[in-house]
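*Asks:* Provided below are the primary sequence and the corresponding predicted coordinates.
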There are 2 protein chains.
Amino acid sequence: MANVARKLLVDIHSHVYLPRYAALLRSRSTAPRIKTLAPSGEERLLILDNEPSGGRPVGPQYWDRDEKLKFMNQHGIDVTVVSTANPWLDFLGPSEAIELAEKLNEDLEEYCATSPVIPASKSTPDPSGDTLRRIYAFGLLPLVPGIPSDALIESISKIRTLPHVRGIILGTQGLGKGLDDPQLDSLWAAISDAGLVVFLHPHYGVDSNAWGEKDNGHVLPLALGFPFETTVATTRLILAGVLDRHPALKLLLAHSGGALPALSSRLSSCITHDPVVASRLKHDARHYLGKLYLDAVAYGPEELGFASDVIGRAGSYSASPEVLPMTLEEKRSKGAKQMLFGTDHPFFPPLSTQEKWQSVTENLKAINEVQGWSEQDRDGVRGGNAVRLFGL
Amino acid sequence: MANVARKLLVDIHSHVYLPRYAALLRSRSTAPRIKTLAPSGEERLLILDNEPSGGRPVGPQYWDRDEKLKFMNQHGIDVTVVSTANPWLDFLGPSEAIELAEKLNEDLEEYCATSPVIPASKSTPDPSGDTLRRIYAFGLLPLVPGIPSDALIESISKIRTLPHVRGIILGTQGLGKGLDDPQLDSLWAAISDAGLVVFLHPHYGVDSNAWGEKDNGHVLPLALGFPFETTVATTRLILAGVLDRHPALKLLLAHSGGALPALSSRLSSCITHDPVVASRLKHDARHYLGKLYLDAVAYGPEELGFASDVIGRAGSYSASPEVLPMTLEEKRSKGAKQMLFGTDHPFFPPLSTQEKWQSVTENLKAINEVQGWSEQDRDGVRGGNAVRLFGL
């Protein structure tokens, strides 16, 4: 299978609003909502309150599988692992969230199970006789304030029965107190036990007062707020010992982990100088970055190279450190095994419909240009790592 | 002078609260303040409201020059460019801020001018006949809400007359609307014209709701909030065109630019997809990182190497790009010329008074271990770059 895997381009960061979800958004009068502009009938997506410029255009690329496949074909993407875009079910009450999670997960399974198979030239049936399809999915959890723990565990059990749902996508609110809430420990255990990949994705950003008065469109919340949110959530998971207690948890961070790779040594230094916090952790903070998977959605080769450095060096920061000195290439090659190509489709569309999407071309170019990655490392990031992580 | 410069270790990130400033903090009953604990008489610094663990111990290392020199001698630091620690004069009204800025800048000048000279073995008199001293300074501006522009310009004029004050340290509040406030344009022009180095330093972090309920001491605001604040402020300067209009502005960012190096390609991508914002800028966002100076206070060699990558690659993102392909070593060597050793003294003290400070040893070790830097690059980061930037 390794030989096959090397040839596939797999997109693990690609969003959908399936028809049932889009209908819910259309029925709402506050964000998140889809609003129809008169008289054109054009639909606009308002994810946040006070969305700049009246929301962003939204269309069939969010809900129509043919559009997803067209995009994949246009860019040579063999397999996509789709996930519902933010804000998931975060805005619903517990009973509505439970019901919708179940239905949307079944919708997702059908969306995948009936997607085309990978042509025989690119694939061989796996030992169980299953065929590799073009689309797999991250499911949804009803992770909202007020939800009972057993409803979350029950939801995980149901997702385990869906053969094409290989992970779950999560925002950072948890039960209202974030992901470091001790109440979530049984959930982490259940996810870890199920072998599901957690795709941690931002939505809330940071307090918008930080952006000032100047109109910079979506730039500051998307370019900075999103990565900050992922960074804070993951750091809080580390500080709460979640990665110590659940070492098998497969945590995939959106946008190459945001600012976490760049701040992990500072984090380590701040922890060292705060003995109470330090005493709670088994390892130096930098060790935990070696437990993470990062999408390769960072738009530049230097960024990807650096992210692979911090994953690759993590072993030397364990409580029982690996003491071998590593070259840049060794670190990068090791780290590359936990990085996975993604596109963020259908966000950031090109200005003309004929163009290739810059989010695809830039991220592929970045993978090609990382200094110190071998061709095998690049193949892994483009698809081989996803094949292994998601058991494709 | 280049040969001399190569041998010096220069610390450009080192803080003081001079006696006049410490007295002000002692006189206050709300943060920022220095509080005396009874019956020990121990003093605690409360920089922020709701400071965890009752504030941090504060002592002569903040105000006594002998302590600063002792620290320098212990760690082989030849020259230090000191700066008042946050929150500077940010909490004062305009008239008080003007008066105190003037007095404190004179105090700083005296603190430097009467500091020891560099031993003859390490220095030669410069062409003007001046002697190199052990301590130089960043001055303070009365940059507070309600201050008239001409008071700021007047303050710059006075700083220019102080021979050992070679820059100014700035927080991010500006006149209350941040540093992208168009009202500040005359200030940037005056600073640029005076050739003063702006040391941009965080204080406010981000909304503390982001940190959650778990007690993580100072870790989250210091490890993440501080770098986020610097990142947002610098990004807003870029988006407001300040670096386009003031190309000679020397902007030095604390903590190696926080998360900005890691997020600049994402920033560029978000700008490209927001044509209104894109149309306001002369260059790709990544170009502007080549205008910046970064302290080398990032605690790890991979972090420093990456920061030098993003400075070094900046030329290829100009509107008239340099098209030469660059090796990793070329990028890193180019970027290294804009990075400068720092310690953040007297913050992050060791647990025992005999120990060397980890903030020093780790940051020096990081400089030693960056892959792709030549010995000359390392000498530059340790001191040569500071000699050039501050005209020592």
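*Replies:* That came through fine.

*Asks:* tell me the pLDDT at the closest residue to chain B within the stretch 51-200 of chain A?
*Replies:* Nearest residue of the stretch 51-200 of chain A to chain B, counting by CB to the nearest CB: A:Gly178, 4.4 Å away. C-beta: built from backbone N, CA, C; applies to glycine. At A:Gly178, the model reports a pLDDT of 98.

*Asks:* Repeat that for A:Gly59.
*Replies:* 94.

*Asks:* What residues does the residue lying closest to it once chain neighbours are set aside make contact with?
*Replies:* In space, and not counting its chain neighbours, A:Gly59 is closest to A:Glu43: 6.7 Å by CB to CB, 6 or more residues apart in numbering or on different chains. Going by CB atoms under 8 Å, 6 or more residues apart in numbering or on different chains, A:Glu43 touches A:26, A:34-37, A:57-59.

*Asks:* cutoff 6 Å now
*Replies:* A:Glu43 makes contacts with A:34, A:36, A:58, as judged by CB atoms under 6 Å, 6 or more residues apart in numbering or on different chains.

*Asks:* After the helix ranked longest in chain A, which helix or strand is next? Please name it.
*Replies:* Across chain A, the longest stretch assigned as helix under DSSP state H is helix A:94-113. Note on helix A:94-113: by DSSP states H and E, the next helix or strand toward the C-terminus is strand A:135-140.

*Asks:* Out of the contacts of A:Glu43, which sit inside strands?
*Replies:* A:34, A:36 (DSSP state E).

*Asks:* bridging residues for the residue of the stretch 51-200 of chain A closest to chain B?
*Replies:* Beta bridges link A:Gly178 to A:Gly174 when assigned by DSSP bridges.

*Asks:* What about it, how many residues nearby?
*Replies:* 21 (other CB atoms under 10 Å in any protein chain shown).

*Asks:* pretty sure it contacts B:Lys214?
*Replies:* No. Checked against CB atoms under 6 Å, the pair A:Gly178 and B:Lys214 is beyond contact range at 8.3 Å.

*Asks:* Enumerate every residue touching the residue in the stretch 101-250 of chain A that chain B sits nearest to.
*Replies:* Going by CB to the nearest CB, chain B is nearest to A:Asp207 of the stretch 101-250 of chain A, at 3.5 Å. A:Asp207 is in contact with B:Asp207, counting by CB under 6 Å, 6+ apart.

*Asks:* sorry, back to before: can you tell me how far the residue nearest to A:Gly59 sits from chain B?
*Replies:* Separation of A:Glu43 from chain B (CB to the nearest CB, to the nearest Å) stands at 19 Å.

*Asks:* per-residue pLDDT, the nearest residue to A:Leu184 once chain neighbours are set aside?
*Replies:* Distances taken as CB to CB, 6+ apart place A:Gly174 nearest to A:Leu184, at 5.8 Å, with adjacent residues excluded. Note for A:Gly174: predicted pLDDT of 98.

*Asks:* what about the stretch 51-200 of chain A, any weak spots by pLDDT?
*Replies:* Within the stretch 51-200 of chain A, the segments meeting pLDDT under 70 span A:52-53, A:120-130.

*Asks:* near chain B, which residues of it show up?
*Replies:* Proximity of the stretch 51-200 of chain A to chain B, by CB under 6 Å from any CB of the partner chain, involves residues A:177-178, A:180.

*Asks:* thinking again about what came up before, tell me how far the longest helix of chain A lies from the chain's centre.
*Replies:* Put simply, helix A:94-113 sits 18 Å off its chain's centre (CA atoms, centre = their mean, to the nearest Å).

*Asks:* Buried residues of stretch A:340-360, list them for me.
*Replies:* By neighbour count on 16 or more other CB atoms under 10 Å in any protein chain shown, the buried set for stretch A:340-360 is A:340-349, A:357-360.

*Asks:* Same question for stretch A:308-326.
*Replies:* For stretch A:308-326, a neighbour-count test (16+ other CB under 10 Å) marks A:308-317, A:326 as buried.

*Asks:* How about stretch A:19-34?
*Replies:* For stretch A:19-34, by 16+ other CB under 10 Å, it's A:21-22, A:24-25, A:31-34.

*Asks:* what does the model give the residue nearest to A:Gly59 for pLDDT?
*Replies:* Confidence score, pLDDT, at A:Glu43: 95.

*Asks:* how about the strands in chain A?
*Replies:* Under the criterion DSSP E, chain A carries strands at the ranges A:10-16, A:33-36, A:43-46, A:56-57, A:79-84, A:135-140, A:165-170, A:197-200, A:250-253, A:292-295, A:339-340.

*Asks:* contacts for the second one?
*Replies:* Surrounding strand A:33-36, the residues in contact under the criterion CB under 6 Å, 6+ apart are A:25-26, A:43-46, A:58.

*Asks:* hmm, try it at 7 Å
*Replies:* Identification of contacts with strand A:33-36 by CB atoms under 7 Å, 6 or more residues apart in numbering or on different chains yields A:22, A:25-26, A:43-46, A:55, A:58.
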